[in-house]
Each structure stands twice: as C-alpha cells, then as structure tokens.
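Colleague: for reference, the sequence and a predicted model appear below.
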Amino acid sequence: MRCPESPSMMIQCTITRLLFVTIFVCCMFERSASQPDFKPHIIFLLPDDLGFNNVPWNSHSVNRGKLPHLEKLAEDSLFLTNAYVQRWCTPTRAALMTGRYPFRNGWNQYSTTFAEELSSVPLAFEMMPAMLKRGGYAAHMLGKWHLGHFTANHTPVGRGFDTYFGFLLGSETHDTHNSWGKHTCNIPVTDLFNGTQPANESVHYRNLTYSPEMYGMLMHDLVIGHTNASVPFFLYMAFQNNHAPYTQVEQYMRRFPDLTPGGTMQTYNGDMAALDDAVGQLLDALDANARVFKDRTLIVVSQDNGGPARIANNVPLRGAKFGLWEGSVRNNAILWGPGVLPAGTGGRHYHGIVHLVDWWTTFAHLANVSVIPATLPGFELPDGVNQWPALIAAAAGEECFFDSHVTSGHSPVPPTCPRSEVVLDLNPEGNYVALRYRDFKIIWGKVGVADVIADIDYDCSDCCPLRRHFPATPGTDMCTAAAAVTAGSPKQKKTPDAQPDGYHTPLHPRAYWEPHEHYTVTPGALCASRASPCVFNVVTDVNESHNLFGVAAYKAVVDDLLARVDAQLNRTFNHSIDHTNVTAAQYCTIVQEAKWVKPFGYAPPPPPPSPAPPWLSILLVGKWQQPNHETFEISRKNSSTFVVTTVSCPGCCWSMLAAQTSVSPDNVSTITARGPAPECAPTPYRFMVGTVHVPNSTSLGWDEDTRFGNPAPTITWVDGASYDTAWAVWTKMPST
C-alpha cells in the first residue's frame, strides 16, 4: 500500500497501514489446533544444484537403490509435489532466510560480483534463525552462506545463528576449500570459517576433508551435543554438493559401475552418494540421541534450484538451472517427521503450491512467535504463508482445494489451499518474468535452456580429482587439471526422451509427460516478451509442451495472469540493499594479502574530502618559518590536498589534507595530517596533530607531536582536541 503525499492523507494512510500490519501479524500467528503441543526440532537440508530426477523418490534413474539414507527418509515422508524455489543460488537462500521473494527483499538487484562480497541482504529483514531464537531455539548452520558478509553483522552468526561452520561465497573446491576463482578478485582465496574466524586451525582444513564427509561429521556432532530436551533445535545444512566443481571420488563413483567411468553421470551421482552418506550420519545421530530427538523432529529436504544443464537430470521437467522452466524452479521437497506428523504420513502427497518463502512463516507458527515488521515502508511483512494446517491435513490423507466445496452430506467447506499464486521470478530490468496461479503458469524473457535435460553423459570440464593430502598439487587449486580428467570420455547414446517402461512421477495424479516431438514450443521461438509470453497448464502438461497463449479458449486465463504480473510489479523492492563503500580494488588488495576471504567489520574508508576553498590555497601556499628558523613550504597537490615539504627542518616531513570546507579564513577548524611522506620513512619524523588555527593571514599554529619509527596511521584534526604537545606558531614568509 503506497501512501499519498498529502500530509493529512499520509498520516491517515500510515495509521491504516500500522493497523493492517498489527491485525495481519496477530491473525497469521494465532495458535490453532494444528499446532503441536511442543516446539519441534527443525532440520532443513538444502542440497545444491540438485536435479529433479536425481533423487531416489522421484526416479527410475540410476541412483534408485544407491542412496539408502535419503530413501529411508522418503519412506516416512510427505511429498510436496508443487514446491517451488528460485532459479539460482543466492535468490533462493535470501527467500528462505527472510520469508520474502527476491524481488521483495532486494535480491532482484543481485549480481555475482556485487552480492558475493561487497553487499548483503538488508539487516532490516529479520532472518529465520533470529526469528526462531525468539522462540527459544538453538540455531546452527553448516555449509554455504552466499548472502553477503562484508561486516560481522551480515555473516551467519550476525544474522542469528549460534554457531556456523562453512564457506561464505557461492562455490569452492570440495577439498582445499578454495574459492575456485569465481569471485570479485579472480584469485585463489581460501573460504572456510568457524563463526566469523578463518577455520585455519580446523582438523578438516588441515586434512583436506571432502566437504560432504566434513558436514556429515559436523551434523553428527551438533545433534549428539544437543542434550537439553527442553530447548528446541534448529539446523540449517546448506550442502556444497552437487555444485561445481564436481569432485570425482572413487569410493562413491564405484557405486555406479554401469556408468561411463569418469563421465558426468558417474561423477554427479557419485557426489550424490557422498551427500547421502552425510545424511546417514545425521540419522545415526538422531537415533543415538533419541532421548532428545525421537518423535519431536521435522526434517525438510529441499534444493536451491534445478539441476544444471548437461550434468544433472531434470526429466520429466523442461529446462535447467538459471531458466524459468519447471526444471529450474520446481523442487524435490519432502517433509519427514514421525511423531510430529500424523501416523501413516509416509508415501502421501501434498499437491498444494508451496514456495520456499513459506517455510519462514510456517516455522514462525511452530515456534509460536510473531512477525517483527521490517523497518522498510511497504515491505514490513513476509510473503510466506503458514502451510502447517494444510501439510498436517495432507499427511492425514486429505486433499486441499483452491475453492469452496461441498462434501457429501456436509455444509460448504472453505478453500483449504493456503496459496494459489506464486511468483517464480520478477525482474523486468533483467527480462525475467515467471508466475504461477493455480494450475497455470506464465513466463517470458530469458527463459533459459528449453530442452528436457535427460540423463546422458557429457564431457565434464568442471570435474576435479579429490585431493586427500595437503599441500595440494601446485597449480590445481582452481581445478586447472579438470579438463584432463574427462576430456574425450565416451558419451552414452541415449535419446532425451528414452525412459523405462512404467515411468511415473508423484507430481500429480493428472500429470502427463509429452514426448519431445510433440512440443509446441521450440527454444527461442516464443516466450520473448509480455506481448508474446508462454502459458502452460503445469499440472497436466508437466514438461510445458503446449503453449496456451493465443488459444481462444484460454484468453481469460492469459489476461488474468498478465494482470497478476502487473499487480506484483507494483510491489517491487524500491530500497537499497546493504553494501559497503569499499571498492573492489581496495577489497582485492586485502584479499590478496590475506589469501583468505575477507573482510569482516572492515571499516569503509571515509568519503573523499570536499575540495578546499580557493581562499585556503591563497592562505596556505608559500614558505613558513618558526622562530627557531625551522622552515617548510606548503604547495597544493590537488583540490583538497596540500603537501608540506621541509626547507630547513631535519627530520620533518609531512603532508596535509584539508578535510572540511566549513571553515573561514579566520579559523581553519579541521585538517587531516598524514605522515611521514614516503621519501621520509623510516627516518625519525615530526608529525602534526591537533587543531589548526589561522588567527590571521600571516601565522599558522598547530599542536606538534614528535614521533619516531614506522609511519603512524592517518590522524584527523578535530576542533577542540587536547594533546600533551608543544604549541608552535609559524609565520608566513614574504614571497620572493
């Protein structure tokens, strides 16, 4: 709601907005019968770059029967068949942590260079761990952050986690924990942190522990170490697998002997097997600490986006990571919770629409905490809805409905699906638009790879051999040897549409998979703009093969979808994300020296000084002399800097910077002194500090401090400062 500019109307509008926020917050978190009598432990598992068909519960693919721990979870889980995420890494994580769509939390401003190191999600938004801690939870995080870290307040512990162990950028090697060169400075930088400190003393860093094995051990330790049953436990495990660089580990790849040795399929599925073993360590810990966790724990398995093209398997969905097709944004989510969910949940499906932002609101309901509205006008409330009543109903075998309906012999029942619309992407400047309402989805712009990405082998330019010993082979920290690993590996000959007989998916009872040759949309042909979008029934047309735009029978559907997009455009984030004043060059200088991701709490440099007024130059430029005949000369270096050089003053060497222009010829109140000049070090030098006074145009006085040794830091002269130093008066000499 936007308020008018009229003062009286603005006050009335503001009061109305505040009342609305208060009523909304109270109603959204009113305690209901669906809320458990206790606050459940919550574990959120987020595999990276997971293919839709690379999980055992959604697949007749090669990893069925090869991922026993994930299959064990799935046996007792509720399948969320219409769950959605964002099309790539950071926007998804920002949505999960804030409960707000990326176009509503500032991450439609995201770019790889800007977000990873020099900016962050605004502190105005309370993140999930801080919200849960208000409900009494102990909050822990492991793995990939990727939400900015330029101050300690923007790191995981700064945003509410009690503990954190993982990496802060978007990708790194899985053994040396090297940033892989994919960041602002494009130089190898180690990225492994314990809290806000480099984990250079960690046994995992010293031993080059393969990341899923490391996180498996850390998950185990956190669960075993949580001994207070009265304190609810939250763990956010953001796996590194299966993100590039893909690591070729023989003990996991050999579980797939029928796949091409060293090919993309064997590498990718081997990485999934390593992740599965880490899940096994988590489940073992839950069993070992059953006194605290048994029948009191929820586990959500999600993903950040669809599998990347030509490495993962998204069949039967169309497209891949970075696009707008279902293969990019549709999720493999399951919900596990024996003792929290109704008996008999295993194998049931929830066909209601769920977006990642809903977990924030749903967990707030379970923690019995209210929303603290954000301080950004128009963006006070999260976008998520409380899915818990619908999830419980689905786990008990009930279906949700978008409309009111009448059951046999009963009164009309109101709609039970809490969400009917989901914004999948909205960035008009970047030409990305995707929105689903009920069964129909509209997309246009940069829609991404349009093929169904099948399970076939490709050369793997991002595959790396695992290094188990330190130091690693010189020159391979950025996977420079990757091409030699798989170049020329034979590709399995399999058509994109070839699938085993009886192929099925739990997407929806009415789901239909269209063979590739029947597509009515070809890559790049349509979906180009608002004037020619693509519209699909994604319930019955699973792989988006029949474009309904231009079909007369669906004109009303298309018009309604366009109106909904327009309405969402009016809600786009119009504030600034948090970002540092440190330039990329300054940051890279720090990183190059540290060889580790930095900085935390690095103070941004002060803004450049305003130009000195012309009269100051007239006043200062020239030769000055003390009664003891020590002489120096002031010259103007640039618009704001005056250089002081000695004429007759052994050991004196200064530079002087006019930092304010709010001065008069009678009183120069603030000047910054830097010393010594490079040509003076390391000889003893005299450093000027204190308040500069110009009582008239012929003399100049300041407090003088004699210092020795290495150059001192920059000192700003502040009016009224007191120093235990001598007072010196200099007189301007006549010009010659």
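Modeller: Now that the structure is in, tell me what you want to look at. Residues are numbered from 1 along each chain as shown.

Colleague: quick one: average pLDDT of the strand or helix carrying residue 215?
Modeller: Per DSSP states H and E, residue 215 falls inside helix 211-225. The average pLDDT within helix 211-225 is 97.

Colleague: and residue 104, what element?
Modeller: helix 102-105.

Colleague: list the contacts of that helix.
Modeller: Contacts to helix 102-105, defined as CB atoms under 8 Å, 6 or more residues apart in numbering, come from residues 86, 91, 94-95, 98, 108, 110, 121-122, 125, 379, 383, 423, 425-427, 568, 571-573. For the C-beta atoms, the positions are set from N, CA and C on the backbone; glycine is no exception.

Colleague: so what's the nearest residue to residue 557 once chain neighbours are set aside scoring on pLDDT?
Modeller: Nearest residue to residue 557, sequence neighbours excluded (CB to CB, 6 or more residues apart in numbering): residue 440, at 5.4 Å. pLDDT, residue 440: 97.

Colleague: roughly how far does residue 440 sit from residue 633?
Modeller: 78 Å (CB to CB, to the nearest Å).

Colleague: got it, and residue 222?
Modeller: For residue 222, the distance to residue 633 - CB to CB - is 66 Å.

Colleague: comparing these two, which residue is more hemmed in?
Modeller: Legend: neighbour count by other CB atoms under 10 Å for residue 222 and residue 633, higher for residue 222 (21 against 14).

Colleague: surely the more buried one and residue 236 touch.
Modeller: No: using CB atoms under 8 Å, residue 222 is not in contact with residue 236; the gap is 11.0 Å.

Colleague: shared neighbours, those two?
Modeller: With CB under 8 Å, 6+ apart as the test, residue 222 and residue 236 both reach 140, 142.

Colleague: show me where the stretch 351-500 of the chain has helices.
Modeller: Remark: helices assigned in the stretch 351-500 of the chain by DSSP state H, counting those that start in this stretch are 357-367, 388-395, 482-486.

Colleague: worst mean pLDDT among those?
Modeller: helix 482-486 (a mean of 31).

Colleague: quick one: which helix or strand includes residue 310?
Modeller: Applying DSSP H and E, one finds residue 310 in no helix or strand.

Colleague: count of neighbours near the nearest residue to residue 319 once chain neighbours are set aside?
Modeller: Of all residues beyond its chain neighbours, the one nearest residue 319 is residue 325 (2.7 Å), with distances taken as CB to CB, 6+ apart. Counted with other CB under 10 Å, the neighbours of residue 325 add up to 32.

Colleague: equivalent analysis for the one 5 residues further on, please.
Modeller: As a burial measure, the neighbour count of residue 330 was computed by other CB under 10 Å and equals 26.

Colleague: ok, it touching residue 317?
Modeller: Yes: when contacts are counted by CB under 8 Å, residue 330 is listed as touching residue 317 (5.7 Å).

Colleague: can you show me the helices along the stretch 101-250 of the chain?
Modeller: 102-105, 112-117, 128-134, 203-206, 211-225, 250-253.

Colleague: who wins for proximity to residue 303 among those?
Modeller: helix 211-225 (15.1 Å; CB to CB).

Colleague: shaky segments in the stretch 1-150 of the chain?
Modeller: 1-35, 59-61, 109-116 (pLDDT under 70).

Colleague: quick one: the strands in it?
Modeller: 41-46, 77-84, 119-120, 138-144 (DSSP state E, counting those that start in this stretch).

Colleague: just checking: what are the partner strands of the shortest one?
Modeller: Right, strand 119-120. strand 578-579 (antiparallel) (DSSP bridges).

Colleague: next structured bit after the strand it pairs with?
Modeller: Following strand 578-579 in sequence order, the next helix or strand is helix 584-594 (DSSP H and E).

Colleague: dump that next one to CSV, restricted to CA.
Modeller: The C-alpha trace of helix 584-594 is given here as CSV (Å, rounded to 0.1, in the frame of the first residue of the first chain):
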residue,chain,number,x,y,z
ALA,A,584,36.5,-3.8,-5.4
ALA,A,585,40.2,-2.7,-5.8
GLN,A,586,40.5,-2.0,-2.1
TYR,A,587,38.8,-5.3,-1.2
CYS,A,588,41.1,-7.3,-3.5
THR,A,589,44.2,-5.7,-2.0
ILE,A,590,43.1,-7.0,1.4
VAL,A,591,42.2,-10.5,0.0
GLN,A,592,45.4,-10.8,-1.9
GLU,A,593,47.4,-10.1,1.2
ALA,A,594,45.3,-12.4,3.5
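
Colleague: quick check: next helix or strand after it?
Modeller: Immediately after helix 584-594, counting by DSSP H and E, sits helix 614-620.

Colleague: which SSE is residue 327 in?
Modeller: Applying DSSP H and E as the criterion places residue 327 in helix 326-329.

Colleague: from the contact counts, what lies against whatever helix or strand comes next after that helix?
Modeller: Next along the chain after helix 326-329, taking DSSP H and E as the criterion, comes strand 334-336. Counting contacts by 3 or more CB pairs under 8 Å, 6 or more residues apart in numbering; DSSP states H and E, strand 334-336 is packed against helix 68-75, strand 77-84, strand 297-301.

Colleague: I'd like to know which of these lies nearest to residue 411.
Modeller: Closest among those, once you apply CB to CB, is strand 77-84, at 27.7 Å.

Colleague: how far away is the residue nearest to residue 304 when sequence neighbours are not counted from residue 154?
Modeller: Among residues not flanking residue 304 along the chain, residue 92 sits closest, at 4.3 Å (CB to CB, 6+ apart). Going from residue 92 to residue 154 by CB to CB gives 18 Å.

Colleague: which of those two has more neighbours?
Modeller: Taking neighbours as other CB under 10 Å, residue 92 and residue 154 compare with residue 92 leading, 26 against 22.

Colleague: list the buried residues in stretch 381-401.
Modeller: Across stretch 381-401, burial judged by 16 or more other CB atoms under 10 Å covers 381-395, 400.

Colleague: out of the residues you listed, give me the two with the largest separation.
Modeller: 381 and 395 (27.4 Å).

Colleague: residue 229 contacts residue 292, correct?
Modeller: Yes: counting by CB under 8 Å, residue 229 touches residue 292, with 4.6 Å between them.

Colleague: what do residue 330 and residue 317 both touch?
Modeller: 52, 306.

Colleague: return the list of helices and strands in contact with the longest helix anywhere in the chain.
Modeller: Longest helix of the chain, by residue count under DSSP state H: helix 264-288. Helix 264-288 sits against helix 68-75, helix 211-225, strand 246-248, helix 250-253, with contacts defined as 3+ CB pairs under 8 Å, 6+ apart.

Colleague: among the ones you listed, which is the most enclosed?
Modeller: strand 246-248 (a mean of 25; mean count of other CB atoms under 10 Å).

Colleague: strand partners (parallel or antiparallel) of that strand?
Modeller: strand 463-465 (parallel).
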